[in-house]
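# Attaching a predicted model along with its sequence, questions to come.
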Amino acid sequence: MKVAEGVSKEDMPFHHFRVSTDTEKKHKKFESPRKRANKMMTRITKESQERRHKPEVHDVKFRVGDAIELTMIEQGGVNSNETEKIRGVVLGMDKRGLGTGFYLRDVVFGEPIDRKIPLYSPLIKDIKVLEENFVFKKKRKVKRAKLYYLRDRLPQETRVTKW
């Protein structure tokens, strides 16, 4: 579309050619309360995650199928010194903001135990990745988001004992 040479853009009848001036009132876009509340909750969740951020815990990158070692407070709350080490295989992850957690399967005295551990819990002191792709021994990739089928296998297959 050509602009006519004799007519200025301000004089043209189409509104999309109109040049805004500083004297005009800026129109604020309507935000529905539902969307605004959703944005507020997202911001609050992100701020609380940053407040609870511990580099030794939350900066560790682990995936489903990895063997990890977790240092947790056993009893007595956050100020207690009684810690326990849990070794196991990550069966799955639930990513839900502050409710993010992962399923850990470990074998204790020959009995398999599945636990859902919240990632942002103040009881977690340290996470170490012992071996990546522990399930397939690095022969092939893990192509599932949840490895619940390992519950049907023998407990010795998911036992982490090397370290």
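Arrived safely, thanks for sending. Numbering: from 1, shown residues only.

# Show me what whatever helix or strand Leu130 lives in is packed up against.
Per DSSP states H and E, Leu130 falls inside strand 124-131. When contacts are defined as 3 or more C-beta pairs under 8 Å, 6 or more residues apart in numbering; DSSP states H and E, strand 124-131 packs onto helix 55-58, strand 67-73. (Each C-beta comes from the backbone N, C-alpha and C, glycine too.)

# pull the longest strand from this structure.
If you go by DSSP state E, the chain has its longest strand at strand 83-94.

# ok, now which ones touch Lys128?
For Lys128, the contacting residues are 60, 68-70, by C-beta atoms under 8 Å, 6 or more residues apart in numbering.

# Mind giving me the ChimeraX command for buried ones among the residues you listed?
Buried residues within the contacts of Lys128, by 16 or more other C-beta atoms under 10 Å, are selected in ChimeraX with:
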select :68,69,70
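
# closest to Leu154 among the contacts of Lys128?
Distance ranking of those against Leu154, using C-beta to C-beta, places Ile68 first at 20.6 Å.

# middle-most residue in this structure, spatially?
By C-alpha atoms, centre = their mean, the chain has its centre lying nearest to Lys95, at 4.7 Å.

# what pairs with the strand holding Leu130, and is each one parallel or antiparallel?
The sheet places strand 124-131 alongside strand 67-73 (antiparallel), with pairing taken from DSSP bridges.

# Measure how buried the nearest residue to Val78 once chain neighbours are set aside is and give me the count.
Using C-beta to C-beta, 6 or more residues apart in numbering and skipping residues adjacent in sequence, the residue nearest Val78 is Pro122, 5.0 Å away. By other C-beta atoms under 10 Å, the residues close to Pro122 number 12.

# one step back: can I get the strand holding Leu130 in CSV? Just the C-alpha atoms.
Provided in CSV are the C-alpha atoms of strand 124-131 (Å, rounded to 0.1, in the frame of the first residue of the first chain):
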residue,chain,number,x,y,z
ILE,A,124,17.1,-32.2,52.8
LYS,A,125,20.7,-31.2,53.4
ASP,A,126,22.6,-32.6,50.4
ILE,A,127,22.0,-34.4,47.1
LYS,A,128,24.7,-36.3,45.2
VAL,A,129,24.4,-38.0,41.9
LEU,A,130,26.2,-41.4,42.2
GLU,A,131,25.6,-42.7,38.7
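
# Could I get the average pLDDT for it?
Strand 124-131 shows a mean pLDDT of 92.

# Please identify the buried residues of that strand?
For strand 124-131, a neighbour-count test (16+ other C-beta under 10 Å) marks 124, 127, 130-131 as buried.
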